[in-house]
Each structure stands twice: as structure tokens, then as C-alpha cells.
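Participant: prediction below, plus the sequence it came from.
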Amino acid sequence: MSFVAVGDELLRAESREGNGHELAQQLANRGLNLAEMRVLPDDRAGIREALHALSAQPGLVVVSGGLGPTEDDFTREAVALAAGVELFTDAEQLAALERRYAAMGRTMHPVNARQAEVPVGARVLRNAFGTAPGFVLPVARAHVACLPGVPREFSGMLAEHLDGLLATVGLTPPPRERSE
């Protein structure tokens, strides 16, 4: 199991990377270990290359960041390239985004529609904590799960989806001894 954090702001010390620690802690609570962590810049080719390397082994690769609406949010594109598939706009996710903005009393700017783009074949992961949904997609021998980089969103989505993601790749926590 591997973790990749994406964001120039992490490498420039403008933001602290804590999502990898959160994932490692959640895995440890389940009796599992994280094998590797990487921090990458907002670089489509670099993200794709890292995913190719990490997906050569069976398991789960969790990616944090790069799912927002800005021009430097490349994660969804890099994952699609690594999997050899195209992106498409998920109509259900687009409608959910529009509803979320309306509930906040705001009009959704067209650039935010990028957040509804997912790779063909991906399973969308609901984000009740922000606007960008996550997704999980088979890439080579692994499954790549992408979650937003905003710590509150990452943490909330991890709590909601981690057990299902682990089950997707056949990882189940070892049984715990009961103390009585």
C-alpha cells in the first residue's frame, strides 16, 4: 500500500503534508502498514510515471490532491493517462456540484465543472465534506484511489471510504485479540 501527495505548495513549504500521516494512522488502527509515501509536484507526467511504478505491484495506491478546478490540478488526467483511458464529465457528479453551490447560495463558476471529470471506468467516491469527489480506478496491477488534498476533506473521505477501498484490493485488517 502506497501514498502519494500531489501539490507544489507541499514542496514549497506553503502547506504541511499531513494526509499521509492520517492514512498511516488509519491503517495502523486496522493492523495494516503503509509501505511508501511520496510527495510530487503538480506535474502531469511525473504523477503518471509515479503511478506506473507504484501500480506495478498489486495493492492500493492512495493519492491526495490535484482534484480541484484550477489549471494545475492534474491528478485526474494523470491517472487516466496511467490507466490508458479518457476522462469524461460524470453528469451525476456535475448535478451534485451544482446542487452544492446552490445550497450555499452561490452560482457555480464554469471552471468548477472540471471537478466532475473522472476517468472512464472509475468508481466515484462521494465527498460530503467538499466539492471535488474522489474516485478509484484499476491501474496496472493495483487500484488507485484519489481523494482531495484538503485535510478536512481527505480525513472525512478516508473515514467514510477506507474500509471499502481496502476490501476492493482484498485487504482486510487482521483479527484483533479481544481483552476481557
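Facilitator: Noted; the coordinates are in hand. Numbers count the residues shown, from 1 in each chain.

Participant: which strand residues bridge the residue nearest to the spatial centre of the chain?
Facilitator: By C-alpha atoms, centre = their mean, the chain has its centre lying nearest to residue 146, at 1.6 Å. Residue 146 forms beta bridges with residue 63, residue 135, as assigned by DSSP bridges.

Participant: surely residue 168 touches residue 62?
Facilitator: No: Residue 168 lies out of contact with residue 62 (C-beta atoms under 8 Å); the separation is 11.7 Å. Glycine gets a C-beta too; all of them are placed from N, C-alpha and C.

Participant: compare these two and say which is more crowded by neighbours.
Facilitator: When neighbours are counted by other C-beta atoms under 10 Å, residue 62 comes out ahead of the other of residue 168 and residue 62, with 27 against 15.

Participant: what strand or helix carries residue 143?
Facilitator: Taking DSSP states H and E as the criterion, the element that holds residue 143 is strand 142-147.

Participant: average pLDDT for that strand?
Facilitator: Model confidence over strand 142-147, given as mean pLDDT, is 98.

Participant: pull out the buried residues from the least confident helix or strand in the chain by mean pLDDT.
Facilitator: The element with the least model confidence among the helices and strands of the chain, by mean pLDDT, DSSP states H and E, is helix 91-103, at a mean of 92. Judged by neighbour count (16 or more other C-beta atoms under 10 Å), helix 91-103 contains these buried residues: 93-94, 96-97, 100.

Participant: stretch 120-133 too?
Facilitator: Of the residues in stretch 120-133, those scored as buried under the neighbour-count criterion (16+ other C-beta under 10 Å) are 122, 125, 127, 129-133.

Participant: and the residues you listed, which two are furthest apart?
Facilitator: Considering C-beta to C-beta, no two members of these lie farther apart than 122 and 129, which are separated by 19.2 Å.

Participant: isn't residue 32 up against residue 169?
Facilitator: No: under the criterion of C-beta under 8 Å, residue 32 makes no contact with residue 169, lying 11.1 Å away.

Participant: quick one, phi/psi of residue 129?
Facilitator: Residue 129 has phi and psi values of phi -110, psi 0 when expressed as degrees, to the nearest 10.

Participant: how far does the strand holding residue 143 sit from its chain's centre?
Facilitator: Taking C-alpha atoms, centre = their mean, to the nearest Å, the mean C-alpha location of strand 142-147 is offset from the chain mean by 6 Å.

Participant: give the rounded mean pLDDT of stretch 65-79.
Facilitator: For stretch 65-79, the mean confidence score works out to 94.

Participant: now that stretch, how far from the chain's geometric center?
Facilitator: Using C-alpha atoms, centre = their mean, the mean C-alpha position of stretch 65-79 is found 10 Å from that of the whole chain.
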